[in-house]
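Colleague: structure for this input, please:
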Amino acid sequence: MVQGSMLVVILVVAIILMVLLISKMKFHPFVALFAVALAMGLAVGMAPAKVLDTILNGFGGTCRGIGIVILLGTIIGAMLEKSGAAFTMADSVLHVVGEKRPALAMSLIGWVVSIPVFCDSGFVILSSLNKSLARRSKVSLSTMAIALSTGLYATHTLVPPTPGPIAAANELGADLGMVIMWGIGVSIISVIAGYIYALIAGPKLPVPFDSNTEEGGSYEELKAKYGTLPSAFKSFAPILIPLILIAFSSFISYPSTLAKIGGKESTLFIVSSFLGNPVIALSIGVILCFFLAPFTEEVTNGWIGAGVKDGANIIMITAAGGGLGAVISASGVGHYIGEALASYNFGIFLPFIIAAALKTAQGSSTVAIVTTAQIIAPMLASLGLGSPMGGVLATLAIGSGAMVVSHANDSYFWVVTQFSDMDLNTAYKAQTMATLIQGVVAVLAIYAISLYML
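Modeller: Now for the predicted structure:
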C-alpha cells in the first residue's frame, strides 16, 4: 500500500480525472465514478480483489442507507407534481413568506427539518416543494437548491440529535444541552451565510429547469390544466406526516425521554422507531399521495412508474459516489491527513482543520466528526479547550469542519445535484462552494464566541 504524502497526490489526481471524465468527456457520472474508484484503489496498492470488494461494499452500503428513501421520495415527488399538489404547496408557502422570499423559506424549512432528519432524506422529501417554489416564483432553481441544501446541512452537522454531534459531544465530554443551545446559534449564522451565497451565486448558475416551464407551458398555464387542485392539507400531508414521524422517533430515542420504562424498551419507543424509520415514514407518504387524485391505473402505475424511473438514475449515481468514498476511506488518506495536521497547535481552529480535511478526503460528515473527536479528545487541555465550554466549542468546531466541503465523494452532493438538475460544473460552484463558505463562516463565529467565553 502507498503511504504518506503520495496518498494525497493520488487523491487529487483521482478527483481531477473524475471532473474531466464527467464535464469534458461527457461520460455518465456512474461510469466515471466507478472507473475512478477502481483506478484509485489500484493506484494506492490495494489488491485487485480488495478494490472491487471495497467498491461493492460502498455501493451497497449507500443503496442500503438511502436507496429506498430516494426511490420513495421520487415517487412522492412525481405524484405531487402530476396531481397539482406541488402547485398548491408553492402557493401556500409563498402566501406565508411573501412572493419575494422563496429562497429564505426553503433555508428556514431545511434548517428545521434537518434537526431530526438526515440531510439526504430531507432534501429528497422537500425536492418537489423546492422545484414548485422555483417555478412559482420564477427564481433560479440553483438559488433554491443552494438555499435548501445549506439550510439542511447546518443543523445536520451542528445540532443534536443527529448522530455526529452527539458522538463528538460524548467523546469530548461536552454537555449535550450546551451543544444544542450554542449549536443552534452557530447554525443560524451558517444558514444566513448559505442563504446570502444562494442569492448571489444562484442566478449566475443556470440549470435547464430555470426556464420555469415544463412541456412548454408557463406556471399559470400548467396550473390551469389541473382544474381543481388538491387542498393544502392533502398536498402537504405526504411531506409533513413523514417528517413528523421521523422527528417524533428521534425525540423518543433521545436520552432521558421515554425510550425505556423500567429498564425495558417502551411500546411507544418500539412503535415510533418503526413508524419513524425513513423507509416506513416515506411509504406512508406514498400512501397519502393516493388521496390527491382519483384511484386509477394512471395513478397507481403511470405516476409511480415515472417516479421509479427518475429515482433509479439518482440511486445509481449516488451509490457509485459511495463506492468511491469507500475506496478513499480504505486508502488511509484521511488518517494520514488527520495525523499530519494534529502536530500543529491552532487552538480552536485545529478541530475544524482536521475535520475539514477528513470530510474533504473521504466524504462522510459523520465519519469526519467521529474520527476528529477521537483525535482531538486527548489534546483538549493543551489546546486551551479543557473547560466545559471548551468542549462545547470544540464539538461545534468539528461540526463546522465537517461541512467543508461536499463534493463528488459525498452522497449528499449527488442527491443535491441530481434532484436539482445540475451538471457537475454547476454543482461544484453551487453545493461545494456553498458548503465551504458555510463551514468557514461557522468556525469564525465559534472563534468569536471563544474570545469571550473561554
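
Colleague: thought residue 377 was touching residue 168?
Modeller: No - in this structure residue 377 lies outside contact range of residue 168 using Cβ atoms under 8 Å: 9.3 Å. For every residue, glycine as well, the C-beta is placed using N, CA and C.

Colleague: so between those two, which is more surrounded?
Modeller: residue 168 (33 against 14; other Cβ atoms under 10 Å).

Colleague: go ahead and confirm that one touches residue 399.
Modeller: Yes - with contact defined as Cβ under 8 Å, residue 168 counts as touching residue 399 (7.0 Å).

Colleague: mind giving me the packing neighbours of the lengthiest helix in the chain?
Modeller: In the chain, taking DSSP state H as the definition, the longest helix is helix 304-331. When contacts are defined as 3 or more Cβ pairs under 8 Å, 6 or more residues apart in numbering; DSSP states H and E, helix 304-331 packs onto helix 5-19, helix 29-43, helix 48-62, helix 68-83, helix 349-362, helix 411-419.

Colleague: in CSV, list these along with mean neighbour count, mean pLDDT and distance to residue 172.
Modeller: Below are the helices and strands packed on helix 304-331 laid out as CSV (neighbours: other Cβ atoms under 10 Å; pLDDT from 0 to 100; distance: least, Cβ to Cβ, whole Å):
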stretch, mean neighbour count, mean pLDDT, distance to residue 172
helix 5-19, 17, 85, 27
helix 29-43, 21, 91, 32
helix 48-62, 18, 92, 27
helix 68-83, 24, 85, 30
helix 349-362, 26, 87, 9
helix 411-419, 27, 91, 24
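
Colleague: save the ones you listed as JSON lines, and put in distance to residue 120 too.
Modeller: Below are the helices and strands packed on helix 304-331 laid out as JSON lines (distance: least, Cβ to Cβ, whole Å):
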{"stretch": "helix 5-19", "distance to residue 120": "20"}
{"stretch": "helix 29-43", "distance to residue 120": "17"}
{"stretch": "helix 48-62", "distance to residue 120": "10"}
{"stretch": "helix 68-83", "distance to residue 120": "7"}
{"stretch": "helix 349-362", "distance to residue 120": "15"}
{"stretch": "helix 411-419", "distance to residue 120": "5"}
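
Colleague: tell me which of the ones you listed approaches residue 251 most closely.
Modeller: Evaluated over the helices and strands packed on helix 304-331, closeness to residue 251 peaks at helix 68-83, with 20.1 Å, by Cβ to Cβ.

Colleague: which parts of the helix or strand harbouring residue 195 are buried?
Modeller: Per DSSP states H and E: residue 195 is located in helix 176-201. Applying a neighbour-count criterion of 16 or more other Cβ atoms under 10 Å, one finds 176, 178-180, 182-183, 186-195, 197-199, 201 buried in helix 176-201.

Colleague: if I pick residue 319, what's in contact with it?
Modeller: The contact partners of residue 319, taken as Cβ atoms under 8 Å, 6 or more residues apart in numbering, are 58-60, 62-63, 67.

Colleague: what is the nearest of those to residue 366?
Modeller: residue 62 (13.2 Å).

Colleague: pretty sure the closest one contacts residue 317?
Modeller: No - between residue 62 and residue 317 no contact is recorded; they are 10.2 Å apart, counting by Cβ under 8 Å.

Colleague: tell me where the stretch 201-350 of the chain has strands.
Modeller: Secondary structure of the stretch 201-350 of the chain (DSSP state E, counting those that start in this stretch): strands at 260-261, 264-265.

Colleague: ranking those by mean pLDDT, which is last?
Modeller: Among the strands of the stretch 201-350 of the chain, strand 260-261 carries the lowest mean pLDDT, a mean of 58.

Colleague: who touches both of residue 168 and residue 399?
Modeller: residue 369.

Colleague: any weak-confidence spans in the chain?
Modeller: Residues of the chain meeting the criterion pLDDT under 70: 23, 116, 161, 208-223, 225-226, 250, 253-264, 338, 342-343, 345.

Colleague: state the phi and psi torsions of residue 114.
Modeller: phi -80, psi 0 (degrees, to the nearest 10).

Colleague: let's number from 114 now, not from 1
Modeller: Sure, I'll start numbering at 114, so the last one becomes residue 227.

Colleague: ok, now which ones touch it?
Modeller: For residue 227, the contacting residues are 235, 264-269, 275, by Cβ under 8 Å, 6+ apart.

Colleague: switch to 6 Å and redo it
Modeller: If you count contacts by Cβ atoms under 6 Å, 6 or more residues apart in numbering, residue 227 has them with 235, 265, 268-269.

Colleague: ok, now residue 224?
Modeller: So residue 224 contacts 264, 267-268, 304 (Cβ under 6 Å, 6+ apart).
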